[in-house]
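Participant: Dropping a prediction and its sequence here:
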Amino acid sequence: MNKKQFYQDLLKGRKEKERIFFRPILMHFAARFNNTTYGKFASDYKVLVESNIRAMEYFDTDMVSLISDPYRETSAFGARIEYIPEGVPAALIILLRQLMMRNVSKSRMFINVKGQVTEYGGRIFSETA
């Protein structure tokens, strides 16, 4: 049974008794294993894919994780992000400040206690380039 069939069986509720599905979250490790930095891993999807696949093949994991750094998604909506070579990316302007500077009407958004925009967030955030 190949890895795809193994995964499809898991989705159908059929479990192989001799084997446990193995899909670790490798992110920073995968970047270093691929001789690159986490900053490049987080900012360039090609490096992310290459690093994850290389680690998957070498360590014979069952699947790569479909996880990227949250700042990748944040930057897709227009946030200015600094990608630090061996650290966690950083937002250059805090989201709430960006929204306030744009005079966004409070009726169009809700910011919860974690500072997350939960209503019309994508549209509001994309306007804060």
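Facilitator: Cool, the structure landed.

Participant: from memory residue 72 sits against residue 40, does it?
Facilitator: No - contact criterion C-beta atoms under 8 Å: residue 72 and residue 40 do not qualify, at 11.9 Å. Using the backbone N, CA and C atoms, a C-beta is placed for each residue, glycine as well.

Participant: quick one: the nearest residue to residue 61 once chain neighbours are set aside from residue 39, how far?
Facilitator: Of all residues not flanking residue 61 in the chain, residue 22 sits nearest, at 5.2 Å (C-beta to C-beta, 6 or more residues apart in numbering). Using C-beta to C-beta, to the nearest Å, residue 22 is found at 27 Å from residue 39.

Participant: Repeat that for residue 64.
Facilitator: Taken as C-beta to C-beta, the span from residue 64 to residue 39 is 20 Å.

Participant: Below-threshold pLDDT in this protein: ranges please.
Facilitator: For the chain, the stretches flagged by pLDDT under 70 are 68, 94-129.

Participant: run the last query once more with 90
Facilitator: 1-27, 42-45, 60-129 (pLDDT under 90).

Participant: what's the overlap in contacts for residue 72 and residue 40?
Facilitator: Common contacts of residue 72 and residue 40 (C-beta atoms under 8 Å, 6 or more residues apart in numbering): none found.

Participant: what's in contact with the longest helix anywhere in the chain?
Facilitator: Counting residues, the longest helix found in the chain (DSSP state H) is helix 45-59. Helix 45-59 is contacted by residues 26, 29-31, 33-34, 36, 40-42, 61, 63-65, 68, 72 when judged by C-beta under 8 Å, 6+ apart.
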